[in-house]
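[1] What follows is a predicted structure for the sequence shown.
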Amino acid sequence: GLSQGWSSTRIGKTFHIIDTVMTWLDAQSYCREHHTDLISGVKQLEDFKTQGQNDANRIFWIGLFRDCWSWSDGSSFSFRSWDKDEPKKTCAMTTSNGKWSSADCDERKPFFCYNGEFIRSLSNGTVHLHLFND
């Protein structure tokens, strides 16, 4: 398979590292088809790091993109952890020093997905995902 996953009962989520490189949009589509979404939100990134994974400081797509910068799953974007001279492009990734960087969305990189419990509600044809976080 493409992914290696692990779970943490403390946070009730499973994170998956997908080592197959894809564009940001393909990575988002893959995560949404096979898991929940690209890893999104400061809390999820911190939870991933605190699991003691050596992969936390590798380059991976994360679920942050700029139209205006927004998390892929709608999580709040009140905290910024940009590396110096960033952001310059439109899709975000983690870097080897643990900071965030931006890159052209058409570049191909590995990425993180997560599985989380959620329910969908429909209103006016819009799908709303409600994630349950501990």
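    That came through, no problem. Residues are numbered from 1 along each chain as shown.

[2] from here on, contacts and neighbour counts on C-alpha atoms
    Fine.

[3] pLDDT on the top strand by length along the chain, on average?
    Longest strand in the chain, counting residues (DSSP state E): strand 13-22. Looking at strand 13-22 alone, the average pLDDT works out to 88.

[4] try stretch 74-82
    Over the span of stretch 74-82, the pLDDT mean works out to 70.

[5] do stretch 109-121 as well
    Averaged across stretch 109-121, the pLDDT comes to 72.

[6] Quick one: residues contacting W100.
    W100 makes contact with 81-83, 92-94, according to Cα atoms under 8 Å, 6 or more residues apart in numbering.

[7] Alpha carbons only: can I get the helix or strand that contains L25 in CSV?
    Under the criterion DSSP states H and E, the helix or strand holding L25 is helix 24-34. Taking only C-alpha atoms (Å, rounded to 0.1, in the frame of the first residue of the first chain), the coordinates of helix 24-34 have been written out as CSV:
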residue,chain,number,x,y,z
TRP,A,24,-1.1,19.1,-3.4
LEU,A,25,-4.5,18.6,-5.1
ASP,A,26,-3.8,14.9,-5.8
ALA,A,27,-2.7,14.5,-2.2
GLN,A,28,-5.8,16.2,-0.9
SER,A,29,-8.0,14.0,-3.2
TYR,A,30,-6.1,10.8,-2.0
CYS,A,31,-6.6,11.7,1.6
ARG,A,32,-10.3,12.5,1.2
GLU,A,33,-10.8,9.2,-0.7
HIS,A,34,-8.9,6.9,1.6
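
[8] just checking, next helix/strand downstream of it?
    Scanning forward in sequence from helix 24-34, with DSSP H and E defining helices and strands, the next element found is strand 37-38.

[9] Give me the helices and strands touching that following strand, please.
    helix 24-34, strand 60-66, strand 109-115 (3 or more Cα pairs under 8 Å, 6 or more residues apart in numbering; DSSP states H and E).

[10] Of all those, which one comes closest to K13?
    Closest approach to K13 among the helices and strands packed on strand 37-38 (Cα to Cα): strand 109-115, 5.7 Å.

[11] Look up the residues forming beta bridges with the closest residue in space to F15 that isn't next to it in sequence.
    Excluding the flanking residues, the one nearest F15 by Cα to Cα, 6 or more residues apart in numbering is Y114, at 4.3 Å. Partner residues in beta bridges with Y114: F15, D37, with DSSP bridges as the criterion.
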